[in-house]
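Colleague: no FASTA, just this:
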């Protein structure tokens, strides 16, 4: 199976994302602290690619793509987090009024949805758990794909994850938002079953990067601060798509990720339009990565030339 294009795109994209984000931050004057991640990321990258080389050297066919996909996925945490803070730091006006208005146009009543979900304990607890499955799915899906001999799709999945995150960060620059909990001034203490932790957890960092003149980005303190589009919803689409070829996991993954995508509304302080936008970003990212990793002859619609006839014409 040819998965070299997907592999090279992922590895090259991971390396170049560091250079691109740090260059942009430097040019724009965005303050970055290298403490707590620069040395660690460099050391981890060396370990990942040394392990990949050894897996290739000793012909461990399954181990090499696992190491590279999971390793690149973890390495991408730094530039992805930096990109979200950089976008928020640009400091466009808050977009909560617009996002709430779009929800109203769609007929979505967020407080009523919250109240209904909270009345159903099993549903609330299921959505809480689905929301928290986000990091576990991102690490486990590539492993399951490799074990199922879908190596190329494992590389495509991590590449599409990077693309959807960077795309979401770029879009969010124009739609910074406090989220539904803060915008509706929702009393989280009234909730019996929904866990509202993530509805407020990011707000301190969100306000700091926008308003504190002494703010310095530090990876250990970073939070997910993107509201529109919802990255949770985007990753839900990505994971469901990634595991679709694995017959045994197809429908369990679909059910889990339908729940994770929807859970962004009660558990993640998201508007309904955030979820819709996240799904659209995921679909576009998957399409771009799938196209970019197709063999060249498929892209160009080149068909192999017919084999030459083996018969020798009779001589006169």
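Modeller: Ah, there it is. Note that the structure is predicted; figures quoted are calculated from it, not measured.
Colleague: for the nearest residue to residue 224 once chain neighbours are set aside, report the pLDDT, please.
Modeller: Residue nearest to residue 224 in three dimensions, not counting chain neighbours: residue 202, with 6.0 Å by Cβ to Cβ, 6 or more residues apart in numbering. From N, CA and C alone the C-beta is placed, and that goes for glycine too. At residue 202, the pLDDT value in this model is 92.
Colleague: residue 202 is in contact with residue 225, isn't it?
Modeller: Yes - if you go by Cβ atoms under 8 Å, residue 202 and residue 225 touch, sitting 4.8 Å apart.
Colleague: which residue of these two possesses the greater neighbour count?
Modeller: residue 225 (25 against 22; other Cβ atoms under 10 Å).
Colleague: quick check: the more buried one touching residue 88?
Modeller: Yes - contact criterion Cβ under 8 Å: residue 225 and residue 88 qualify, at 5.6 Å.
Colleague: tell me, what residue is most central in this structure?
Modeller: Against the mean C-alpha coordinate of the chain, by Cα atoms, centre = their mean, the closest residue is residue 161 at 4.0 Å.
Colleague: for that residue, give me the pLDDT.
Modeller: You'll see residue 161 listed with a pLDDT of 97.
Colleague: that one - nearest residue in space that isn't next to it in sequence?
Modeller: Leaving aside its chain neighbours, residue 161 sits nearest to residue 238 (6.0 Å; criterion: Cβ to Cβ, 6+ apart).
Colleague: secondary structure element holding residue 16?
Modeller: helix 4-28 (DSSP states H and E).
Colleague: who touches both of residue 225 and residue 88?
Modeller: Taking Cβ atoms under 8 Å, 6 or more residues apart in numbering as the contact rule, residue 225 and residue 88 both touch 206, 209.
Colleague: ok, residue 153 - how many residues close by?
Modeller: 24.
Colleague: now stretch 184-196: buried residues?
Modeller: Residues 186, 191, 193-196 are the ones in stretch 184-196 that count as buried (16 or more other Cβ atoms under 10 Å).
Colleague: what do you get for stretch 77-96?
Modeller: Under 16+ other Cβ under 10 Å, the buried positions of stretch 77-96 are 77-89, 94-96.
Colleague: got the contact list for that stretch?
Modeller: Stretch 77-96 is contacted from outside by 17-18, 20-22, 24-25, 28, 30, 32, 37, 41, 162, 165-166, 168-170, 172-179, 183, 205-206, 209-210, 215, 217, 219, 222, 224-226, 228, using Cβ under 8 Å, 6+ apart.
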